[in-house]
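Colleague: Using only what follows, build the 3D model:
(one chain, ligands or ions: 2)
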Amino acid sequence: MPIDWTKSKYGKKHRQFLSKKPENMKFFTLCDGAARSGKTLSVIYKIPQIFSYIGNDYLKVFSGYSKGTVRNNVLTELLPYLRNYHGATCKYNSQSGELDIKLWGKNYTCFVTGGGKSDSDAAIQGGTWDFWYANELPKHHYSFYNMALSRLTSERARLIADSNPESPNHWLYVEKIKPFLDGNPEVRSVFDYFHFTMNDNLNLSKTFIENQKKLYRGVFEARKIKGLWVVADGLVYDTFSPLKHTCLHEEILRKIANNDFIEYFLGLDWGWNHPLSCGLYGITQNKVYYKIDELYGSRLNETDVIRWINDKQKEYGRYFRFLNADNARPEQNHKLRQALPNMIIYEEKPRLQDSISVLRGLINYDNLIVNSERCKNTLREFKIYRYPSEDEKSRYEDDVPVKENDDTMDETRYAVTFYESHFAKRIITY
Ligand SMILES: Nc1ncnc2c1ncn2[C@@H]1O[C@H](COP(=O)(O)OP(=O)(O)O)[C@@H](O)[C@H]1O
Ligand SMILES: [Mg+2]
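Modeller: Ligands and ions are numbered 1, 2, ... in the order given. Sure thing, here's the model as predicted:
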């Protein structure tokens, strides 16, 4: 359901941004800050005014991490807004990304594209643009960003972007935000910066904001609620609580007997000198994940994994739908396929940072429970898996945890994020 714009409320910061006349806007305007602080909808609100100022001589581009994210984050609100409040007609071809907008008697040719992959810039070579809206700009690839900038050559060209904070080493922070905040005149002559916190969005209920605040602490509170560019540190799963997020084996057995689990599946992280970790999961009707059991140890190979899985199917008397394994050992995954023909073996490695944030979201909403008697290694790693300290940081990429005590952690990500992204159909922003 698109929002009702007649009920919109605007705080001081939003009014500052919204009252800027397009002719007075810098070449590049960035709306930065916390998730749900009202950045995207504020940009959408200004689009008719900006289009009318720029005119329709050149192409207008909407980009995001992928075409799908632009559709979900932007077009689902933009198109009804243009149609219902400005009498526009809009035609969007989701295959080609072509978007035609007829607004106040003028036709605007627009293009929707994804900028998140290393080869995304190939799709935007050539041509002149006069408008670019980059939704969640930090998620764009640097090569796409530079290519897009080089296309914006028309005299009235404008770039508007929104961003959620990431690490302060990100190119957007280093090249634009930091120099702007430091008062660098060169950057300030072409770049304008608006910063929003969750409290600035008067359209959110107090209860919603209070509940969100309860979910985050430390660095994640700074990023999610205040919208600050800070480096991740401390425990990766700092909200994991052994009190809330574990259960006894008898509770699992009761749930199995009651048919509370609608499906069973596995995750697998191969290892030899490093421990191997294999986990068994059940998911309930309410989409709560239970880690039921684990196999963990060094010098285990595919024969041990196959035997363990067969034993567990017998022990629990249930059929396991699939296993998602790390893709570094294709020959061993092949052996699993041969020995377990009724189970699908996937090899899909999720992006580390994204899958950590999925798991953190599930934990924050109490949607992941670990069997404390059978999954001792998982439990141990949840309590110690951490980001590097100040002196260790130079050895790691940003937002990458220390590569210790990560075997069950990786395996849990492989299993749960796979289910979450392919089957769970949940609408939560993590
Ligand atoms: N102008 C507005 N009118 C009504 N609701 C709004 C408005 N701006 C924001 N909201 C509410 O706040 C939520 C978050 O806004 P959004 O612009 O998507 O935030 P962000 O892009 O900062 O994550 C929206 O889903 C909507 O419910
Ligand atoms: Mg947004």
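
Colleague: Need the per-residue pLDDT for residue 348.
Modeller: Residue 348 carries a pLDDT value of 95.

Colleague: tell me the SS of it?
Modeller: coil (DSSP: H, G, I helix; E, B strand; the rest coil).

Colleague: in terms of contact, does it touch residue 326 like I think?
Modeller: No: assessed by C-beta atoms under 8 Å, residue 348 is found out of contact with residue 326, at 9.5 Å. C-beta here means a position set from N, CA and C on the backbone, and glycine is covered the same way.

Colleague: What separation do you get for residue 291 and residue 70?
Modeller: Separation of residue 291 from residue 70 (C-beta to C-beta, to the nearest Å): 35 Å.

Colleague: quick one: which of those two has more around it?
Modeller: Relative neighbour count places residue 291 above the other of residue 291 and residue 70, with 29 against 26, counting by other C-beta atoms under 10 Å.

Colleague: you'd agree the more buried one is in a strand?
Modeller: Yes: under three-state DSSP, residue 291 falls within a strand.

Colleague: Sticking with the nearest residue to it once chain neighbours are set aside, tell me its helix or strand.
Modeller: Counting by C-beta to C-beta, 6 or more residues apart in numbering, residue 291 lies nearest to residue 370, which is 4.6 Å off, once chain neighbours are set aside. Applying DSSP states H and E as the criterion places residue 370 in strand 368-371.

Colleague: That strand: partners in the sheet, and parallel or antiparallel?
Modeller: When pairs are called by DSSP bridges, strand 368-371 turns out to pair with strand 246-247 (parallel), strand 289-297 (parallel).

Colleague: and these as a markdown table, adding distance to ligand 1 and mean pLDDT?
Modeller: Below are the strands paired with strand 368-371 laid out as a markdown table (distance: least, C-beta to the nearest ligand atom, whole Å; pLDDT from 0 to 100):
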| stretch | distance to ligand 1 | mean pLDDT |
| --- | --- | --- |
| strand 246-247 | 33 | 98 |
| strand 289-297 | 26 | 98 |
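
Colleague: is it possible to export those strands to TSV including distance to residue 378?
Modeller: Output for those, formatted as TSV (distance: least, C-beta to C-beta, whole Å):
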stretch	distance to residue 378
strand 246-247	10
strand 289-297	6
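
Colleague: Quick one: closest of these to residue 99.
Modeller: strand 289-297 (38.1 Å; C-beta to C-beta).

Colleague: ok, now which ones touch residue 194?
Modeller: Residues near residue 194 by C-beta atoms under 8 Å, 6 or more residues apart in numbering: 13, 16, 17, 29, 30, 31, 32, 33.

Colleague: helix, strand or coil for the fourth one?
Modeller: Right, residue 29. Once three-state DSSP is applied, residue 29 turns out strand.

Colleague: my guess is it meets residue 161, correct?
Modeller: Yes: the criterion here is C-beta under 8 Å, and residue 29 meets it with residue 161 at 7.5 Å.

Colleague: Show me what from this structure comes close to ligand 1.
Modeller: Residues of the chain found near ligand 1 (C-beta under 6 Å from any ligand atom) are 3, 5, 8, 35-41, 162, 201, 203-204.

Colleague: So which of those are in strands?
Modeller: Secondary structure from DSSP state E places residue 162 of these in strands.

Colleague: Which pair of the residues of the chain next to ligand 1 spans the longest distance?
Modeller: Pairwise across the residues of the chain next to ligand 1, and taking C-beta to C-beta, the largest span is found between 5 and 35, at 20.9 Å.

Colleague: Need the nearest residue in space to residue 174, chain neighbours excluded.
Modeller: For residue 174, the spatially nearest residue (C-beta to C-beta, 6+ apart) is residue 168, at 7.7 Å.

Colleague: where does the stretch 1-150 of the chain have low pLDDT?
Modeller: Residues of the stretch 1-150 of the chain that meet the criterion pLDDT under 70 are absent altogether.

Colleague: Out of the strands paired with strand 368-371, which one sits most buried?
Modeller: Sort the strands paired with strand 368-371 by mean neighbour count, taking mean count of other C-beta atoms under 10 Å, and strand 289-297 sits at the top with a mean of 23.

Colleague: what sits up against that strand?
Modeller: With C-beta under 8 Å, 6+ apart as the criterion, strand 289-297 contacts 247, 252, 255, 261, 264, 275-284, 304-305, 308, 312, 316, 362, 367-371, 374-378, 407-408, 412, 416, 419.

Colleague: One more pass at 7 Å, please.
Modeller: 252, 255, 275-283, 305, 308, 312, 362, 367-371, 374-375, 377-378, 408, 412, 416 (C-beta atoms under 7 Å, 6 or more residues apart in numbering).

Colleague: Can you name the residue of the stretch 201-350 of the chain nearest ligand 1?
Modeller: Residue nearest to ligand 1 within the stretch 201-350 of the chain (C-beta to the nearest ligand atom): residue 203, separated by 3.5 Å.

Colleague: Can you give me the neighbour number for that residue?
Modeller: Using other C-beta under 10 Å, residue 203 has 15 neighbouring residues.

Colleague: hang on, it packs against residue 41?
Modeller: No: the criterion here is C-beta atoms under 7 Å, and residue 203 misses it with residue 41 at 8.1 Å.

Colleague: what are the bridge partners for the residue nearest to residue 291, then?
Modeller: Going by DSSP bridges, residue 370 forms beta bridges with residue 246, residue 291.

Colleague: Could you list the buried residues of the helix or strand where residue 132 lies?
Modeller: In this assignment (DSSP H and E), residue 132 forms part of strand 129-134. Within strand 129-134, the residues that count as buried by 16 or more other C-beta atoms under 10 Å are 129, 130, 131, 132, 133, 134.

Colleague: May I have the following helix or strand past that strand as PDB, with CA atoms only?
Modeller: Per DSSP H and E, the first helix or strand lying C-terminal to strand 129-134 is helix 142-151. C-alpha atoms of helix 142-151 as PDB (Å, rounded to 0.1, in the frame of the first residue of the first chain):
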ATOM      1  CA  TYR A 142      32.800   2.500  -7.400                       C
ATOM      2  CA  SER A 143      33.300   1.900 -11.100                       C
ATOM      3  CA  PHE A 144      29.600   2.500 -11.700                       C
ATOM      4  CA  TYR A 145      29.600   5.700  -9.600                       C
ATOM      5  CA  ASN A 146      32.500   7.100 -11.600                       C
ATOM      6  CA  MET A 147      31.000   6.100 -15.000                       C
ATOM      7  CA  ALA A 148      27.700   7.600 -14.000                       C
ATOM      8  CA  LEU A 149      29.300  10.900 -12.900                       C
ATOM      9  CA  SER A 150      31.000  11.100 -16.300                       C
ATOM     10  CA  ARG A 151      27.600  10.800 -18.000                       C
END
